[in-house]
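Engineer: need coordinates for the below:
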Amino acid sequence: MSQKNKRAVSLTLMGGVIAIAVALLWSLGLVTSGIWRLTQSSEDRTKQTTQTIVESFALVRDVPTGLFSYGGSPSWAPIRLSVDSAIQANRPEFRLRYVQPIDEPPSTRAAIKMLLDDRLTFVQSSYSLHPEERDRAVKNGFRLEQIPVGIDSIVIVVHPSLNISGLTLEQVRSIYTGQITNWKELGGPDLKIIPYSRPVSAGGQVEFFINDVLKSQSFGSEVEFLATPTEALRKLENEPGGIYYGSAPLVLSQCHVKPLALGRSPNEFVAPYQDSLVDATQCPDRRNQPNIEAFQTGSYPLTLYMYVVIKQNGRSEEQAGEAYANFLLTEQGQELIEKAGFVRIR
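Structural biologist: Numbering: from 1, shown residues only. Model prediction:
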């Protein structure tokens with residue numbers, strides 16, 4: 001082979017090697033980018049979720065001293081009852097005061113409005129922040145941050161006498177949009193369906209329900225709106241045709257309602273409770289326990305994050321909000337969240 005041809009072949013091979021190297025680097029860039037996007041699944045992923053887990057409340061650092069007002073979703077009630085009381089017992093310098101809105105029922109959205117108006121230090125939220133809430137915070141001179149601390153699930157409940165064991169998401173949607181109005185259309189008795197819900201203005205789980213179950217359709221005209229979960233559950237106890245949806249820890253343990261299995265399709269029903277359904281006559285000696293495994297794996301179709309919403313303003317409010325989130329993200333906090341019926345986030 002001539003010297004000229006050898007040089008041409010060498011240049012060709014070198015070009016091929018360079019092309020392969022460029023392609024590999026380009027691919028690696030895509031893979032790296034993809035991995036980065038996967039690890040940033042929450043917009044507000046914070047340093048607390050990536051650090052080594054602190055074991056107990058006693059070891060949480062940078063905890064401010066004082067009395068701090070907070071509020072939020074009714075679905076957080078089991079946490080306020082057990083976890084928050086444990087925090088204060090272990091860290092008496094960090095005092096908490098739960099504050100309800102004056103002119104409307106408690107909800108995530110009402111609490112965030114109070115936070116924006118400087119009436120709360122931080123918020124227990126059952127749904128992610130709205131862009132307009134973030135924008136309003138910036139106009140007020142600070143930013144809002146949401147820190148995920150646990151996972152909740154929405155459970156559909158009916159009257160114990162209703163001979164229905166499960167529904168698909170499509171059937172639930174048809175009930176709440178008014179397309180299905182009688183239980184006989186779903187294999188049940190000839191009985192009018194009475195759907196209950198908290199008001200749309202409550203936000204949180206109602207907003208999640210509208211987006212993920214109703215697919216942004218409007219509630220039907222037959223839906224009866226009630227201010228609180230307690231009021232809705234009392235109504236349901238006395239209405240054989242009623243149906244309601246609520247937070248798993250709040251509704252699963254109730255003696256006078258029946259939780260239903262849910263499915264994305266008729267062939268994949270998943271119960272929100274462990275083992276077999278506890279009959280109402282056995283309650284309160286026995287109560288339905290949450291199906292933690294189904295909630296953790298996502299096989300149960302309606303799960304959502306729980307957040308602590310804090311002010312990033314460089315003042316004591318930010319320090320208190322971060323401290324509270326850090327308490328919940330300790331091993332002790334996560335264990336108590338799980339005992340309260342929610343799913344631990346780590």
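
Engineer: check what pLDDT D44 gets.
Structural biologist: For D44, the pLDDT comes out at 45.

Engineer: pLDDT weak spots in the stretch 1-150 of the chain?
Structural biologist: Applying pLDDT under 70 to the stretch 1-150 of the chain picks out residues 1-51.

Engineer: and the helices in it, which stretches?
Structural biologist: Here the stretch 1-150 of the chain has its helices, by DSSP state H, counting those that start in this stretch, at 3-39, 77-78, 84-90, 108-116, 131-139.

Engineer: which stretches of the protein form strands?
Structural biologist: Counting by DSSP state E, the chain has strands at residues 66-72, 94-98, 122-125, 143-158, 166-168, 194-197, 224-225, 242-247, 258-259, 261-263, 269-270, 303-312, 343-344.

Engineer: got JSON lines for these, with mean neighbour count too?
Structural biologist: (C-beta placed from N, C-alpha, C; glycine too.) Listed next are the strands of the chain as JSON lines, based on neighbours: other C-beta atoms under 10 Å:
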{"stretch": "strand 66-72", "mean neighbour count": "20"}
{"stretch": "strand 94-98", "mean neighbour count": "15"}
{"stretch": "strand 122-125", "mean neighbour count": "28"}
{"stretch": "strand 143-158", "mean neighbour count": "24"}
{"stretch": "strand 166-168", "mean neighbour count": "19"}
{"stretch": "strand 194-197", "mean neighbour count": "21"}
{"stretch": "strand 224-225", "mean neighbour count": "14"}
{"stretch": "strand 242-247", "mean neighbour count": "25"}
{"stretch": "strand 258-259", "mean neighbour count": "22"}
{"stretch": "strand 261-263", "mean neighbour count": "22"}
{"stretch": "strand 269-270", "mean neighbour count": "18"}
{"stretch": "strand 303-312", "mean neighbour count": "23"}
{"stretch": "strand 343-344", "mean neighbour count": "21"}
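
Engineer: so which of those is nearest D279?
Structural biologist: Relative to D279, the nearest member of the strands of the chain by C-beta to C-beta is strand 258-259, separated by 9.2 Å.

Engineer: tell me the domain ranges of the chain?
Structural biologist: By the assignment in automatic domain parsing, the chain contains the domains 55-151+308-344, 153-297.

Engineer: same question for the longest one, mean pLDDT?
Structural biologist: By that I understand domain 153-297. Domain 153-297 shows a mean pLDDT of 95.

Engineer: now do that domain: distance to the chain's middle.
Structural biologist: 17 Å (C-alpha atoms, centre = their mean, to the nearest Å).

Engineer: for stretch 83-96, same thing?
Structural biologist: Using C-alpha atoms, centre = their mean, the offset of stretch 83-96 from its chain centre is 24 Å.

Engineer: can you check stretch 331-343 too?
Structural biologist: 14 Å.

Engineer: residues contacting P259?
Structural biologist: V155, I156, V157, V251, L252, A271, P272, Y273, L277, N288 (C-beta atoms under 8 Å, 6 or more residues apart in numbering).

Engineer: related to what we said a few turns ago, can I get the strands of the chain in TSV including distance to N326?
Structural biologist: Shown next, in TSV, are these (distance: least, C-beta to C-beta, whole Å):
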stretch	distance to N326
strand 66-72	14
strand 94-98	11
strand 122-125	12
strand 143-158	9
strand 166-168	39
strand 194-197	34
strand 224-225	37
strand 242-247	23
strand 258-259	33
strand 261-263	34
strand 269-270	33
strand 303-312	9
strand 343-344	15
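
Engineer: nearest to G203, of those?
Structural biologist: strand 122-125 (8.9 Å).

Engineer: each with direction, which strands does that closest one pair with?
Structural biologist: In the sheet, strand 122-125 lines up against strand 66-72 (parallel), strand 303-312 (antiparallel) (DSSP bridges).

Engineer: can you put those in a markdown table and add distance to E170?
Structural biologist: Output for those, formatted as a markdown table (distance: least, C-beta to C-beta, whole Å):
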| stretch | distance to E170 |
| --- | --- |
| strand 66-72 | 31 |
| strand 303-312 | 18 |
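
Engineer: F142 is nearest to which of those?
Structural biologist: F142 lies closest to strand 303-312 among these, at 5.1 Å (C-beta to C-beta).

Engineer: could you give the angle of the closest one to strand 143-158?
Structural biologist: Interaxial angle, strand 303-312 versus strand 143-158 (axes from the mean of the first three to the mean of the last three C-alpha atoms, to 10 degrees): 150 degrees.

Engineer: surely K235 is in contact with F225?
Structural biologist: No: the criterion here is C-beta atoms under 8 Å, and K235 misses it with F225 at 11.0 Å.

Engineer: so for these two, which residues contact both of them?
Structural biologist: With C-beta under 8 Å, 6+ apart, K235 and F225 have common neighbours Y196.

Engineer: before we move on, the earlier item: which stretch among the strands of the chain comes nearest C283?
Structural biologist: When the strands of the chain are compared (using C-beta to C-beta), the closest one is strand 258-259, at 10.6 Å.
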